[in-house]
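S.K.: Sequence and computational prediction follow.
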Amino acid sequence: QFLKQKLDSAKWFIEAIEQRYQTLFQTVNAIVDFQKEYFSTGEEKNLKPMILKDIAEIINMDISTISRVANSKYVDTPYGTKLIKEF
């Protein structure tokens with residue numbers, strides 16, 4: 001019983017990490033696609049106005065989920081390390 005409980009807990013933890021990874025991956029991919037011109041040139045003038053709702057609609061998730069994903073996370077670009085919320 002004890003081992004089964006610990007194994008179930010470990011499986012849940014691994015699945016939660018995988019789900020977090022997938023959400024972050026989808027969010028960053030949507031941002032890169034939305035800001036394609038910026039990522040092609042590196043010029044900040046090419047950044048298009050974007051809000052969390054835009055990304056939430058693209059990947060069919062709640063705005064609060066996107067907010068949590070983007071909060072205090074960075075992406076390393078060829079043009080420097082940027083806070084995800086800067087996009």
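M.R.: Thanks, I have the structure now.
S.K.: How about the contacts made by residue 46?
M.R.: By C-beta atoms under 8 Å, 6 or more residues apart in numbering, the contact set of residue 46 is 35, 37, 38, 40. For every residue, glycine as well, the C-beta is placed using N, CA and C.
S.K.: can you redo those residues as JSON lines with secondary structure?
M.R.: Below are these laid out as JSON lines (DSSP: H, G, I helix; E, B strand; the rest coil):
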{"residue": "35", "secondary structure": "coil"}
{"residue": "37", "secondary structure": "helix"}
{"residue": "38", "secondary structure": "helix"}
{"residue": "40", "secondary structure": "helix"}
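S.K.: Highest neighbour count among these?
M.R.: Neighbour counts for these peak at residue 38, which has 20 neighbours (criterion: other C-beta atoms under 10 Å).
S.K.: That one and residue 78, how far apart?
M.R.: Residue 38 is 11 Å from residue 78, where distance means C-beta to C-beta, to the nearest Å.
S.K.: all strands for the protein, in order.
M.R.: Applying DSSP state E to the chain gives strands spanning 74-77, 80-83.
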